[in-house]
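A.B. asks: Need a 3D model of the following:
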Amino acid sequence: MALFDFLLSDQMKREKIAKEIGLKTGLFVACPICRDVTEAPNHEAFREQTEVYVRTLLEKRDEQTRLFDNDETEMIRTIAEVGKKLPYNCMCHI
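C.D. replies: Prediction:
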């Protein structure tokens with residue numbers, strides 16, 4: 001977590017963690033120019049990898065999972081919701 005994350009609501013923190021997980025697993029990608037995050041073009045190919053990563057975090061009792069009450073379903077649902085809110089694609093590549 002970052003320095004000023006104490007100012008974020010729990011939902012905002014969950015969404016931030018979900019976005020970080022999506023970036024780590026390839027489900028989301030960051031534009032190298034503007035750093036805007038979008039879903040990967042083939043994001044469905046990374047869904048299973050993301051679920052495995054979430055299970056690994058839960059098994060390790062990673063600190064990030066506490067915001068989700070150590071609930072795998074809640075984490076995966078939040079990641080999916082964050083993906084729906086992301087822009088379709090970045091305008092930097094046009």
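
A.B. asks: my read: Lys13 touches Asp5, true?
C.D. replies: Yes - Lys13 lies in contact with Asp5 (Cβ atoms under 8 Å); the separation is 6.4 Å. All C-beta atoms are positioned from the backbone trio N, CA, C, and that covers glycine.

A.B. asks: So for the two, which residue has more residues nearby?
C.D. replies: Lys13 (16 against 10; other Cβ atoms under 10 Å).

A.B. asks: State whether the more buried one is indeed within a helix.
C.D. replies: Yes - the assignment for Lys13 by DSSP: H, G, I helix; E, B strand; the rest coil puts it in a helix.

A.B. asks: and it, how far is that from Lys84?
C.D. replies: Distance of Lys13 to Lys84, given as Cβ to Cβ, to the nearest Å: 18 Å.

A.B. asks: How about Cys34?
C.D. replies: Remark: distance between Cys34 and Lys84 (Cβ to Cβ) = 20 Å.

A.B. asks: Tell me the helices and strands packed up against the helix or strand of the chain with the lowest mean pLDDT.
C.D. replies: Lowest mean confidence among the helices and strands of the chain (mean pLDDT, DSSP states H and E): strand 37-39, at a mean of 89. In terms of contacts (3 or more Cβ pairs under 8 Å, 6 or more residues apart in numbering; DSSP states H and E), strand 37-39 is packed against helix 10-25, strand 28-30.

A.B. asks: could you dump the ones you listed to JSON lines with distance to Asp71 and mean pLDDT?
C.D. replies: Output for these, formatted as JSON lines (distance: least, Cβ to Cβ, whole Å; pLDDT from 0 to 100):
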{"stretch": "helix 10-25", "distance to Asp71": "11", "mean pLDDT": "94"}
{"stretch": "strand 28-30", "distance to Asp71": "21", "mean pLDDT": "92"}
